[in-house]
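# A structural model of the following input is requested.
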Amino acid sequence: MAFQPMTARLLATRKTLLQISVELNLLRAAILGIVVALFLVTGTAATDQRLWSATELLGIKTLSISNLPALPRVPSNAVADDPRAAALGKALFFETRFSANGTVSCSSCHMPDRQFQDDRRVGHGIAEGARRTMPLAGTAFHPFLFWDGRKDSLWSQALGPLENPVEHGADRAMVVSLIAANYRAEYEALFGEVPDLGRLPAHAAPSGTPEAVAAWSKLTSDQRRSVNLVFANLGKAIEAFERTIPVPHTRFDDFAVALAAKDVATANDILTKAEQNGLRLFLGKGGCMACHFGPQFTDMKFHNIALLDTSATTDFGRSTAAHILKDDPFNCLGEFSDAKLPYQCQPLRTMEIDLPEQMGAFKSPSLRGVAQRPPYMHNGKFATLHDVLVHYNNPPPAAFGKSELRARGLTPQELTELEAFLLTLNVD
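This next block holds a predicted model:
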């Protein structure tokens, strides 16, 4: 029949197409085999080449210094951004005469070449303190200061150490007299005439030595207010200087910029495979972003992280400090604040007190430069970053209060990679 030759030709064509299909599949398999072989031979990191997820990219963006906002205004300090105040504040920051023994200044514990901290387990002024010295970079963004948040501005924070018996060991009458005698012109250019202090005793303060407290009780209300006003203004000048301390740039920030520009090759040159693995752990499995997020790698809040208390007296952290701040005459709502309206002091007005989770809670520090400033935690409990990560990975029960930590299940290699990432936050 006429259709038989046509059928034969169609069958032959079909056989040829099947052969081509088989050969193409074999070629694909061969190419895939070559790629796998190259990966195994060269050790090309899948994590380096794999696309970051949208969630990971968002996390990296929020951590980048490019995401740092402008400095917030300080309603309680009218001279916070005045260059003259910053100049005076810098001089006061390094002034050793504001101490009982004439050798201690703010810079004694906040050393400029050490990220404005001192590398000690706990701070040491004229005597040893109970807590680790915190770095100052970026603290202008923080609504609450100190490990426990007992101050709500840098200017008010600066006043505390001056009268602390183990830090400067001075008192406000002594400090104010030194301002009047040595910095009068600079002070009056900013704040107006130094008030008439009358016959101010050499030492007087509402707390401190019995002699200073007794002398304070004998001052008139006008004298006390004049002393407190100059004392507060001294702190405001120091805040102006501390606001000029920049948030440090890191190698991680260069990586974030390259990744945002989709320059994967450059990004992979900046961070190694292990460092990128550590970053992924930081963003995900490690749970680090629960407290250490944003361009300063901190939520600026307070957390109980199951630190066994090592102090002679139990340190309850935030639960005690919130009450101290509420009653502080130098807070944002106080008489010496420059805030005009209560709503300008929103962090203080909305501050929560007596919450169970505040017991034993301390502030999350910035992780920028963290590997360069051991020891760690508010009491200097851990000597190395590795010790810190082991604690977070398998935390003990809280000594008091309720810990927020839970076991993370990271392997020894993952802990090493997470530490490698933290090293990318080193600062010059």
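# residues near residue 152, how many?
By other C-beta atoms under 10 Å, the residues close to residue 152 number 26. Quick note: C-beta positions are derived from backbone N, CA and C, even for glycine.
# Wait, it touches residue 330, no?
No. Residue 152 sits out of contact with residue 330 when judged by C-beta atoms under 8 Å, with a separation of 9.1 Å.
# Tell me the buried residues in stretch 379-392?
Using 16 or more other C-beta atoms under 10 Å as the test for burial, stretch 379-392 gives 379, 380, 381, 382, 385, 388, 389, 391, 392.
# does the last one belong to a helix or a strand, and which?
By that I understand residue 392. Using DSSP states H and E, residue 392 sits in helix 385-393.
# Quick check: which helices or strands does that helix pack against?
Applying 3 or more C-beta pairs under 8 Å, 6 or more residues apart in numbering; DSSP states H and E, one finds that helix 385-393 contacts helix 412-423.
# Just want the angle from the helix it packs on to helix 385-393.
Calculated by axes from the mean of the first three to the mean of the last three C-alpha atoms, to 10 degrees, helix 412-423 forms an angle of 120 degrees with helix 385-393.
# where's helix 412-423 relative to the chain centroid, distance-wise?
Distance of helix 412-423 from the chain centroid (C-alpha atoms, centre = their mean, to the nearest Å) equals 20 Å.
# Now do the buried residues in that helix.
Quick answer for helix 412-423 (16+ other C-beta under 10 Å): 414, 415, 417, 418, 419, 420, 421, 422, 423.
# Just want to check the distance between the third one and residue 424.
Think residue 417. Taking C-beta to C-beta, to the nearest Å as the measure, residue 417 falls 11 Å from residue 424.
# Where does pLDDT dip in this protein?
Scanning the chain for pLDDT under 70 picks out the ranges 1-50, 309-313.
# Going by residue numbers, what spans are strands in it?
Assigned by DSSP state E, the strands in the chain fall at 302-303, 362-363.
# of all the ones you listed, which lies closest to residue 231?
strand 362-363 (25.1 Å; C-beta to C-beta).
# for that closest one, packing partners?
Against strand 362-363 (3+ C-beta pairs under 8 Å, 6+ apart) you get strand 302-303.
# what lines up beside the strand it packs on in the sheet?
strand 362-363 (antiparallel) (DSSP bridges).
# who touches the partner strand?
Residues from elsewhere that reach strand 362-363 (C-beta atoms under 8 Å, 6 or more residues apart in numbering): 134, 144, 146-149, 298, 300-305, 307, 317-318, 377-378.
# What subset of these is buried?
Taking 16+ other C-beta under 10 Å as the criterion, what is buried in the contacts of strand 362-363 is 134, 144, 146-149, 298, 300, 302-305, 307, 317-318, 377-378.
# Would you mind measuring from residue 242 to residue 64?
For residue 242, the distance to residue 64 - C-beta to C-beta - is 23 Å.
# Which of those two has more residues huddled nearby?
More neighbours surround residue 242 than the other of residue 242 and residue 64, with 24 against 20 (other C-beta under 10 Å).
# For the more buried one, which residues are in contact?
Per C-beta under 8 Å, 6+ apart, neighbours of residue 242: 89, 93, 136, 139, 140, 154, 158.
# swap the cut-off to 7 Å and go again
Listed by C-beta atoms under 7 Å, 6 or more residues apart in numbering, the contact partners of residue 242 are 136, 139, 140, 154.
# Alright, I will stop here.
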